[in-house]
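need a structure here:
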Amino acid sequence: MNSSATLPHPTFARSREQKFGDRLMWATTALATLLVLFVLLIIVADVAIHGSTKLTIGFLTERPSQGMTAGGIFPALIGTVSLVILMTVAVVPVGVATALYLHEYAPPRHFTTRTIRIAINNLAGVPSIVFGLFGLGFFIQFVGTGIDKVLYDGEKVYGQPALVWAALTMAVLTLPVVIVATEEALRSIPRELREGSLALGATKFQTVLLVVLPQAMPGVLTGTILAVGRGAGEVAPILFTGVAYFLPRLPDELSDQFMHLGYHVYVLSTQSPDVDKTKPILYATVAVLLLLTFTLNIAAILVRSRMRRKL
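Numbering: from 1, shown residues only. Prediction:
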């Protein structure tokens, strides 16, 4: 009897195994995605339910009062937005320039290049509270005190916690994110674009500036989105460098202290004399922080999508 008539063909058996593996992978990834969305939905719903009674226009435009048990969060909202803007202005040029040097100019196997990459990887793993201590020691006590001695005859202007030092500390914290995202964008650009530009007579600088960098801008914006998302929610790095417990006025100068939504949530949840009274304010503040983060991310995503369409 011919055995080949009863046994399945090896190719058919492999095809069934591949289909089963594909279906299993699809089901696993879909389940993981649904789980993440379910958790996010629970968090957003819980915050919305408990904070909706307090979330009004007046809550967004009024200043806090009565030891933060009444009033609004306008100074904390403005302080958070100011911090994120200053941090972005500081971190994006440095991060993009570093990525361009490492990918376009530095020898890939040179000792200096490898040392810089190791330093960036180690910087990404440092706890956020350490960045706060670094900002206190370097920016405030060293740089700020030095500026006061040279420009203000020793009067304390910049040698104290301030908005500018908190923003620079957050810039150092998010620097690895921008560098890695920009490098990944540079790697995705075809080598033929660089060679074609050089063949047409362009210099290395012109090629990088006019050909490579515009093509990498969507990736740069991706790194910016990630940096903004982290910078808006981090509290530990700004504890020692500029945030204030209760400051119902807006920061007028870079040397002023400021309120922050994340620190505002921390104070309300840990140091409030009346937890039940401040609970609606706490949830409403969390809702505003989430909306602010989502808004900044969505704006950056829209700009990135528009830029991709143009490219």
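
can you show me the helices along this protein?
With DSSP state H as the criterion, the chain has helices at 10-51, 57-61, 74-100, 111-124, 128-134, 145-151, 163-187, 191-199, 204-207, 213-233, 261-270, 275-310.

so which of those is the most packed in?
helix 163-187 (a mean of 23; mean count of other C-beta atoms under 10 Å). Quick note: C-beta positions are derived from backbone N, CA and C, even for glycine.

counting by contacts, list what that one packs against.
helix 74-100, helix 111-124, helix 128-134, helix 213-233 (3 or more C-beta pairs under 8 Å, 6 or more residues apart in numbering; DSSP states H and E).

with distance to Ser269 and mean pLDDT added, can I get those helices in TSV?
Shown next, in TSV, are those (distance: least, C-beta to C-beta, whole Å; pLDDT from 0 to 100):
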stretch	distance to Ser269	mean pLDDT
helix 74-100	14	91
helix 111-124	28	88
helix 128-134	18	91
helix 213-233	14	84
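
reformat those as CSV; add distance to Leu268.
Shown next, in CSV, are the helices and strands packed on helix 163-187 (distance: least, C-beta to C-beta, whole Å):
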stretch, distance to Leu268
helix 74-100, 11
helix 111-124, 31
helix 128-134, 20
helix 213-233, 16
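
Leu296: which of the ones you listed is closest?
helix 213-233 (5.0 Å; C-beta to C-beta).

off-centre distance for that closest one?
Chain-centre distance of helix 213-233: 8 Å, with C-alpha atoms, centre = their mean, to the nearest Å.

what is the least confident helix or strand in this structure?
strand 70-71 (a mean of 73; mean pLDDT, DSSP states H and E).

who does it pair up with?
The strands beside strand 70-71 in its sheet (DSSP bridges) come out as strand 64-65 (antiparallel).

distance between the partner strand and the chain's centre?
29 Å.

chain neighbours aside, what residue packs nearest to the spatially most central residue of the chain?
Nearest to the mean C-alpha position of the chain, counting by C-alpha atoms, centre = their mean, stands Ala227 at 2.0 Å. Distances taken as C-beta to C-beta, 6 or more residues apart in numbering put Thr174 closest to Ala227, at 3.8 Å, once the chain neighbours are dropped.

for Val94, same thing?
In space, Val94 is closest to Leu175, 6.5 Å off (C-beta to C-beta, 6+ apart).

just to revisit the earlier point, dump the residue contacts of the residue nearest to the centre of the chain.
Neighbouring residues of Ala227 by C-beta atoms under 8 Å, 6 or more residues apart in numbering: Met87, Thr88, Val91, Val92, Gly95, Thr174, Val177, Val178.

format these as CSV; extra columns: distance to Arg308.
Converted to CSV, the contacts of Ala227 look like this (distance: C-beta to C-beta, whole Å):
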residue, distance to Arg308
Met87, 25
Thr88, 20
Val91, 22
Val92, 18
Gly95, 20
Thr174, 23
Val177, 20
Val178, 18
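
from these, which is closest to Thr285?
The nearest one, if we look at these relative to Thr285 and count by C-beta to C-beta, is Met87, at 20.3 Å.

how much space between the closest one and Gly146?
Computed with C-beta to C-beta, to the nearest Å, the distance linking Met87 and Gly146 is 22 Å.
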